[in-house]
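*Asks:* Provided below are the primary sequence and the corresponding predicted coordinates.
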Amino acid sequence: MTGMKEKKIRKIGVLTSGGDAPGMNAAIRAVVRTARYYDIDVVGIRKGYAGLIGGEIKEMYSKDVSNVMNLGGTILHTARCPEMMTEEGLDKAAAIYKILGLDALVVIGGDGSYRGLAELSKRGVNGIGIPATIDLDMCGTEYTIGFDTAVNTGMDALNKLRDTSNSHERCSVVEVMGRDAGYIAVWCGMCGGAEEVMFPEEKEVIDSSKVIQQILENRSIGKRHNLIVVAEGVGGTQKLAKEIQEVTGIQTRATILGHLQRGGSPTATDRMHASMMGYYAVKAIMEGKQNVVMAYNSGKYEVLDLLESMEMKKTLDQEIYDVIKVLAI
Ligand code: ADP
């Protein structure tokens with residue numbers, strides 16, 4: 001629960017966990033500098049929960065986060081840690097938290113990282129979450145750090161593919177990341193001017209025959225190239241490209257952007273949210289909040305209860321897709 005406590009906060013830990021996301025460094029920087037500003041000791045934990053269990057810990061000072069806001073990835077490194085799925089691993093992580101004398105553990109990561117934090121909170125850890133994933137697929141918050149950079153990278157790739165598809169009068173099928181969610185796909189589809197977007201949440205399933213029909217219709221009205229976006233959660237990109245080429249005779253190329261979208265210097269939007277959420281995370285700890293997460297909703301930063309936020313629902317606005325179709329004529 002979001003209980004209050006009187007105790008003076010002396011020392012906190014910070015780690016990045018799960019999939020990396022551009023902007024994580026800006027969040028680390030904000031946590032470290034806000035803590036130091038208020039005379040709170042801060043330790044950085046390397047490689048997520050693996051580094052907590054393995055004791056890969058170092059004191060962090062303001063100068064340790066100089067020149068990092070502009071960098072993609074995470075200076076603390078990240079990892080997936082299967083040991084956290086076991087009682088022994090969780091007990092060990094909680095024990096190390098206590099040995100280190102931490103008053104809170106700030107975890108910058110996605111929903112898997114939050115699940116780990118929820119488990120640790122049952123073992124006496126004060127877990128504070130900062131949402132970071134390029135996929136945007138976290139409940140309780142409209143924004144997750146890394147999304148904007150990933151979408152811009154995807155859009156840039158679409159721009160480039162548009163040039164070459166146009167020159168050769170080809171069809172490009174581009175697979176973007178997003179795990180089981182279509183947020184990156186619909187944003188890339190809209191902002192890159194795609195004709196069709198295939199994403200997991202679609203009301204009405206778009207199969208290959210519908211895509212092919214759309215391509216043929218667009219060619220008949222004079223379009224010389226085609227751009228189709230496929231979400232990672234739908235997959236089958238190579239197969240779809242092959243089928244389009246076989247049925248229509250139009251040269252079709254598949255491009256899977258993959259981890260390209262994880263990297264790169266974070267955009268201003270990601271730096272802003274990461275900086276503000278990192279700051280508010282430390283302020284929440286100082287105010288005595290326990291087991292909470294940072295969120296951004298309706299233009300405001302919020303502090304939500306960790307467990308409650310994990311139960312919330314978030315849905316992709318299907319109207320974006322409807323508009324993409326209107327604008328693709
Ligand atoms: P993300 O945080 O990007 O969603 P993952 O889903 O891989 O990434 O989760 C990151 C890490 O969080 C996992 O490697 C694991 O250590 C921990 N974790 C995930 N789910 C749980 C769980 N149910 N219980 C305990 N720890 C978990």
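*Replies:* Noted; the coordinates are in hand.
*Asks:* any idea which residue sits dead centre in the protein?
*Replies:* Geometric centre of the chain, nearest residue: T133, 1.3 Å, by CA atoms, centre = their mean.
*Asks:* so who does the nearest residue to it once chain neighbours are set aside touch?
*Replies:* For T133, ignoring the flanking residues on the chain, the nearest one in space by CB to CB, 6 or more residues apart in numbering is G110 at 3.8 Å. Where C-beta positions appear, they are placed from N, C-alpha and C, glycine not excepted. Contact criterion CB atoms under 8 Å, 6 or more residues apart in numbering gives S17, G18, G19, A21, P131, A132, T133, D135, D137, M138, T144 as the residues in contact with G110.
*Asks:* which strands and helices sit next to the helix or strand hosting I324?
*Replies:* With the criterion set as DSSP states H and E, the secondary-structure element containing I324 is helix 319-327. Contact here means 3 or more CB pairs under 8 Å, 6 or more residues apart in numbering; DSSP states H and E; on that basis helix 319-327 packs against helix 183-191.
*Asks:* Summarise which helices and strands the helix it packs on is packed against.
*Replies:* Counting by 3+ CB pairs under 8 Å, 6+ apart, helix 183-191 packs on helix 147-168, strand 171-176, strand 196-198, strand 226-231, helix 319-327.
*Asks:* on that earlier part again, greatest separation within the contacts of G110: which pair is it?
*Replies:* The most widely separated members of those, counting by CB to CB, are S17 and D137 (15.6 Å).
*Asks:* Name the SS class of the residue of the stretch 51-200 of the chain found nearest the ligand, please.
*Replies:* Scanning the stretch 51-200 of the chain for proximity to the ligand using CB to the nearest ligand atom identifies G112 as nearest, at 1.9 Å. Under DSSP: H, G, I helix; E, B strand; the rest coil, G112 falls in the helix class.
*Asks:* quick one: it from K289, how far?
*Replies:* 22 Å (CB to CB, to the nearest Å).
*Asks:* ok, V205 to the ligand distance?
*Replies:* Applying CB to the nearest ligand atom, to the nearest Å, one obtains 26 Å for the distance of V205 from the ligand.
*Asks:* okay, now that residue: neighbour count?
*Replies:* Other residues near V205 number 9, with proximity taken as other CB atoms under 10 Å.
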